[in-house]
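Chemist: I would like the atomic coordinates for the input below:
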Amino acid sequence: MEPAFDSHAHWDHLRFDKDRDLLLPTLPKSGVGLVMNAGCNLASSRRSVELAERYPFIYAAVGTHPEDADEWSADVENAYRTMAQNPKVRAIGEIGLDYYYGGENREKQKAVFAAQLSMAQALHLPVIVHDRDAHGDAMDLVRAFDGVQGVFHCFSGSVEMAQELVRRGWYIG
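Modeler: Residues are numbered from 1 along each chain as shown. So this is what the prediction gives:
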């Protein structure tokens, strides 16, 4: 049997601090051969890269989650571009839009999502997209960056949206 690929993990999260180094070595023995650890902000992305450098079966994604959009700056983008030069960094993510709570700055989220899609396009890297209650705006931005592909994680869009994404070469998670 082929080992499994966990395409979306957050092993860098603080909740794993007590037992991360006990749990991670057990993954290959348990049938998980590869893990993509997605960053959510600059600190999380740095921890993801550190994990990827420590464990041969872990790869990292670097990016700013929509809930952390206020942290975005040119310095953060430059840090991600630098991290993306590491061969263990294989994606930009977790990026996207989240309108669930209603009080978010939608224009800021869209600007940050667009900047990260542009960065992924320039770096020829796939993306990991978080889209919660923002399907129309998420699709408008994906369409604006033709050729950028990746995975819509925790997908909750329509059948038509899924079909369009698959036609464009995307994966649905």
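
Chemist: please enumerate the strands of the protein.
Modeler: 4-9, 32-38, 58-62, 89-98, 127-132, 150-153, 171-172 (DSSP state E).

Chemist: could these go into CSV alongside mean neighbour count and mean pLDDT?
Modeler: Every C-beta, even on glycine, is put in place using the N, C-alpha and C of the backbone. Converted to CSV, these look like this (neighbours: other C-beta atoms under 10 Å; pLDDT from 0 to 100):
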stretch, mean neighbour count, mean pLDDT
strand 4-9, 16, 94
strand 32-38, 21, 97
strand 58-62, 27, 98
strand 89-98, 26, 98
strand 127-132, 24, 97
strand 150-153, 22, 96
strand 171-172, 14, 95
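
Chemist: compile those into JSON lines and extend it with columns for distance to residue 75.
Modeler: As requested, those are exported to JSON lines (distance: least, C-beta to C-beta, whole Å):
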{"stretch": "strand 4-9", "distance to residue 75": "26"}
{"stretch": "strand 32-38", "distance to residue 75": "21"}
{"stretch": "strand 58-62", "distance to residue 75": "14"}
{"stretch": "strand 89-98", "distance to residue 75": "17"}
{"stretch": "strand 127-132", "distance to residue 75": "21"}
{"stretch": "strand 150-153", "distance to residue 75": "24"}
{"stretch": "strand 171-172", "distance to residue 75": "31"}
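
Chemist: out of those strands, nearest to residue 68?
Modeler: The closest of these to residue 68 is strand 89-98. By C-beta to C-beta, the value is 9.7 Å.
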